[in-house]
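Student: Kindly return the folded structure for what I paste below:
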Amino acid sequence: MSPATVTRIPNQGAMSDFVRPFEVSSKMTDMVYRVRFSHMWNAIATRHADTIDCKFYVDGKGVVLGLPHTAFVEFRERYKRSLTDRESSFVAAEYLRERLEQEDEHELYDVTHKDVMRIIEKLSIR
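Tutor: Numbers count the residues shown, from 1 in each chain. This is a model prediction of the structure:
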């Protein structure tokens, strides 16, 4: 893949501004959730998990999504570059959007490797 065909979303601005606030309508309850991205961190130290954790506020309550390191490794092997923090936050936001549309909110979502790779494809991150 040549550098001209690479789709990359660079890290620019404050981390809390990586993902714009958004709303999600639940198909189960017709409730409208208001979502705001906060930050991300490596969960090895805090949760003893092999994930990158992304924190959002859903109607003011903290929600964490754990993205498995294995998906980051596969992305790097496949596309010969690392995911940016901003791209990772977009993946987490899309997963959270999907979950909130389909089910009640939870405090913690451990996202599967397969779901991370599926969302990367859905968002056309290369």
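Student: what are the ranges of the helices in this protein?
Tutor: Along the chain, counting by DSSP state H, helices occupy 43-46, 69-79, 85-102, 113-122.
Student: Low-confidence regions, the chain specifically.
Tutor: 1-18, 45-48 (pLDDT under 70).
Student: Just want the most central residue of it.
Tutor: Ala92 (1.3 Å; C-alpha atoms, centre = their mean).
Student: so who does the spatially closest residue to that one that is not a sequence neighbour touch?
Tutor: The shortest distance from Ala92 to any residue other than its chain neighbours is 3.7 Å, reached at Cys54 (C-beta to C-beta, 6 or more residues apart in numbering). Just so you know, the C-beta spots here come from the backbone N, C-alpha and C atoms, and that holds for glycine as well. Contacts for Cys54 (C-beta atoms under 8 Å, 6 or more residues apart in numbering) come out as 37, 39-40, 64-65, 67, 88-89, 92-93.
Student: What's the ChimeraX line that selects buried ones from these?
Tutor: Buried subset of these, written as a ChimeraX selection, criterion 16 or more other C-beta atoms under 10 Å:
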select :37,40,64,65,67,88,89,92,93
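Student: ok, the contacts of Cys54 vs Met117, which is closest?
Tutor: Nearest to Met117 among the contacts of Cys54, counting by C-beta to C-beta, is Leu67 at 10.7 Å.
Student: Nothing else from me, thank you.
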